[in-house]
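J.: Quick one, structure for this:
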Amino acid sequence: MTICYRAFLRLIQIETRHKLAYLLEIQRDFASIEEKIRENRLNLSETDINNIGLPKYWADILVLLVIYRKLLNKQIISCSLFQRLPNLYQYLLKNRWPRSFLDF
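T.: Next up, the predicted model:
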């Protein structure tokens, strides 16, 4: 192996480790927030979710958890929180709980 190739492989390994560390950090943060939402110790607004700084996929999952918790507790779901979700998730929620989303 040439020195350049070894250096390139080393850079890839370092970059992969950083990505894995970042993903593990996101997972830990998400798990902590999820636990608090499930135990009804945390009520997040759309602004709160945006300020957490999670990638869009994880933020969408948080929105789903918040909406589900609100449905279980018969709380009002804000239109802006609902509209933050991708269309597919909106459709699935409307299909599962049609009475809760009549005004959306």
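J.: hey, let's count contacts and neighbours off CA atoms from now on
T.: OK.
J.: what are the ranges of the helices in this structure?
T.: 3-38, 46-52, 56-72, 79-83, 87-96 (DSSP state H).
J.: any idea which of those helices is most buried?
T.: With neighbours defined by mean count of other Cα atoms under 10 Å, none of these is more surrounded on average than helix 56-72, at a mean of 17.
J.: Outside of that one itself, list whatever touches it.
T.: 30, 34, 37-38, 40, 43-44, 46, 49-50, 76-77, 81-82, 84-86, 100 (Cα atoms under 8 Å, 6 or more residues apart in numbering).
J.: can you do 7 Å?
T.: Contacts of helix 56-72 with the rest of the structure, by Cα atoms under 7 Å, 6 or more residues apart in numbering, involve Ile37, Arg38, Leu44, Ile49, Ile76, Ile77, Leu85.
J.: Next: stretch 80-94.
T.: Outside stretch 80-94, the residues that reach it (Cα under 7 Å, 6+ apart) are Glu46, Asp60, Phe101.
J.: Reformat the helices of the chain as a markdown table; add mean pLDDT.
T.: Formatted as a markdown table, the entries for the helices of the chain read as follows, by pLDDT from 0 to 100:
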| stretch | mean pLDDT |
| --- | --- |
| helix 3-38 | 74 |
| helix 46-52 | 87 |
| helix 56-72 | 93 |
| helix 79-83 | 93 |
| helix 87-96 | 96 |
